[in-house]
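# predicted model follows, preceded by the sequence.
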Amino acid sequence: MKSLIVLWKELANEFANWCCTSATFDCKTVERRIEHEGLSFLTITLPEFGKDFQKSLDRGQVDRDLFQGFSWRAGLPLFLGGFLDRVFDRSSGVLLDDPCIDSIFAVRQLALLYSKIALPCSDARIRRAMRGYIECEQDVREHDSALSAADKADFRRISSMLFSGVFSRSDTDVYYLDVLPKHGPGATADRLRGNGKYRQSTWPSRLEEVFPSGEFLLPNWRYYDQLDDVDILEPGAEIPVKVITVPKTLKTPRIIAIEPTAMQYAQQAVLASILDSLQKDDFLRTVIGFNDQTPNQRMALKGSIDGSLATLDLSEASDRVSNQHVREMLVNHPHLSGAVDASRSRKADVPGHGVIRLSKFASMGSALCFPFEAMVFTTLIFMGIERELSTSLSRGRIEAFKGKVRVYGDDIIIPVDYVPSVVRVLETFGYRVNSGKSFWTGKFRESCGRDYYAGHDVTPVKVRRSFPTQRKDAQEVISLVSLRNQLYERGCWQTVKWLDETITGVLRYFPVVLPTSPALGRHSYLGFETEKLCPNTHGPLVRAHRVISRLPQDHLEGPEALVKCLLMLERRKPDERGIDLPVDAGEHLERSGRPLAVNTKLGWVSSI
């Protein structure tokens, strides 16, 4: 706690020097309120202050419904008042014609510094989140029943206009079983991990109809007798997804669902086909993103400069995608529809509520959740645009919006002129636009982790973990070094000096290295240190700690090992000469899964 407070005060005083003001009163306020409210002031109350500040920027003035719990003088809160005075007029609360960008960044940085720290929520907040999950499920059912026939028809028509080519290609892939399944490194509902996933002994009968177990679990049909050990599960005996919470903020956890091994395996096969088909569409690959967030960030920057683009964020987006919406999209593609439905888990085990039947398509954790929510949102966006234009869209008219519409999960960017219509359509289909994180009226924009005001990057650096007390706290050490280097890049050099002293109290060696170095070191615009040269490469070396992790031992042999090797060969791309590359001669048949622990090791490490 003490280190967290000192860090906040160091930043506050440094920003005060930047902005020619004083943070003395602010530091005293933080100390006093933490004494009475505890850590929640830093992790819950201050982030709410930051959200209200963003709303004020978007509205162009500070309203009295904001900054609850803080004292006011005239038209602005007293807390961080020295910075607020350089952004808003204190007498009226109206945004200044030329607000101080450094002050905007300072308020956001100080308010949001601890908004994402990975600390466990209280049991009461976890129970509340689970109740919210159940209530969200009920909302999905209600909106499904309330949706009109005309809305459904428009949804099918626009979806077909956008995705018929994509779905047709994937439909053909499924029909000919030209798909490749894949196991991920994460946990599964049936508790299989690493190489153990290739030894799965159950296969749902729904999957058997679309993806025969012999095609997915055997290297070839010579091993047919291996299927005697596979239990084909009827729908009533299927393993439900396991709903769990993971840290998000101290106010509320993030809810995800752990899929059974067989479902996850098949979902990855469908996913690969859909992503490949989307990449072949010249328009859709510019509209929907899966791996690269930078187009969203560039468009958010543009919107902050000229006001032409709005950034929208949806609350509980994944959990509000109805299965009926996905079925409507795939109605003309029976093979793909059958594969998506067969690989979708129908039940969820929710702590405190038992096993429930799902109306949502899937929660986070399903490999198909992310792409289908993006495609549903894209369809609804163009429905909203069509209704605003009061004329039917064609594929040609839709493609005229290239560079103006972008969807990355629940981060949506659209032209400002269509915001009211798009929001109405989204809400008609049961989605909730997060007003606190959606911007279209002012000069502030936020998308995919980057925040901009009037063309300036005002993205805050956030503390992700508590401070380490010893070198064995490897995750905390790694996080603190990352925090130091991010603050250095933002120019907070006075605070970085204090962090350097703190880190060297834990790490004996903390040299200056380049960002590309594997060492845990200090980044600097002045270059890097060299203590000696590598005898083999003649590259510069320094004495430093580096991150080490080792995959758990997990021996795999027999037909299951052959399946894994064949899948790896199929997924590998040939080199530039067209020659297929062999499977890495590594330890993947001896070690697999996620590392059980992460540690640091001292040694000679390249500084570049």
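That came in fine, so what should we check first?

# list the contacts for Thr441?
Taking C-beta atoms under 8 Å, 6 or more residues apart in numbering, we find Thr441 in contact with Asp58, Arg59, Gly60. (Each C-beta comes from the backbone N, C-alpha and C, glycine too.)

# what's the helix or strand hosting Val30 packed up against?
In this assignment (DSSP states H and E), Val30 forms part of helix 24-37. Helix 24-37 is packed against helix 2-18, helix 81-84, with contacts defined by 3 or more C-beta pairs under 8 Å, 6 or more residues apart in numbering; DSSP states H and E.

# quick one: these as TSV, columns for mean neighbour count too.
Formatted as TSV, these follow (neighbours: other C-beta atoms under 10 Å):
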stretch	mean neighbour count
helix 2-18	18
helix 81-84	24
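
# out of those, which comes closest to Tyr509?
Comparing those against Tyr509 with C-beta to C-beta, the closest turns out to be helix 2-18 (21.0 Å).

# and that closest one, what's its mean pLDDT?
In this model, helix 2-18 carries a mean pLDDT of 96.

# tilt between that helix and helix 24-37?
Going by axes from the mean of the first three to the mean of the last three C-alpha atoms, to 10 degrees, helix 2-18 is angled at 160 degrees with respect to helix 24-37.

# can you count the residues close to the residue lying closest to Gly307 once chain neighbours are set aside?
Ranked by C-beta to C-beta, 6 or more residues apart in numbering and with sequence neighbours excluded, the top spatial neighbour of Gly307 is Val416, at 6.4 Å. If you count neighbours by other C-beta atoms under 10 Å, Val416 ends up with 15.

# any idea how far Val416 is from Ser308?
Counting by C-beta to C-beta, to the nearest Å, the gap from Val416 to Ser308 is 6 Å.

# re earlier: out of the helices and strands packed on helix 24-37, which gets nearest to Gln553?
helix 2-18 (37.0 Å).

# helices and strands around that closest one, which ones?
Counting contacts by 3+ C-beta pairs under 8 Å, 6+ apart, helix 2-18 packs against helix 24-37, helix 101-112, helix 493-504.

# just checking, Gln475 is part of a strand?
No - counting by DSSP: H, G, I helix; E, B strand; the rest coil, Gln475 falls outside a strand, being helix.

# so what's it up against?
With contact set as C-beta under 8 Å, 6+ apart, Gln475 has these partners: Arg465, Val598.

# that one and Arg465, how far apart?
6 Å.

# need the overlap of contacts for these two.
What both Gln475 and Arg465 touch, as defined by C-beta under 8 Å, 6+ apart, is an empty set.

# neighbours around the closest residue to Gln268 other than its chain neighbours, how many?
Leaving aside its sequence neighbours, Gln268 sits nearest to Lys182 (C-beta to C-beta, 6+ apart; 3.8 Å). By other C-beta under 10 Å, 18 other residues sit near Lys182.

# Lys182 reaches Leu275, doesn't it?
No - counting by C-beta atoms under 8 Å, Lys182 stays clear of Leu275, with 11.8 Å between them.

# ok so, going back, got phi/psi on the residue nearest to Gly307?
phi -60, psi -40 (degrees, to the nearest 10).

# start at 752, not 1
Got it, the first residue is 752 from now on, which makes the last one we talked about Val1167.

# where does it land on pLDDT?
Here, the pLDDT recorded for Val1167 equals 97.

# so where is the protein shaky, pLDDT-wise?
1323-1337 (pLDDT under 70).

# what domains does the record give for it?
753-866, 874-941+990-1204, 1225-1305+1342-1357 (automatic domain parsing).

# now the ones you listed as JSON lines including distance to Ile983?
Below are those laid out as JSON lines (distance: least, C-beta to C-beta, whole Å):
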{"stretch": "domain 753-866", "distance to Ile983": "47"}
{"stretch": "domain 874-941+990-1204", "distance to Ile983": "10"}
{"stretch": "domain 1225-1305+1342-1357", "distance to Ile983": "26"}
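
# what's the closest of those to Val1314?
Evaluated with C-beta to C-beta, the domains of the chain place domain 874-941+990-1204 nearest to Val1314, the distance being 9.5 Å.
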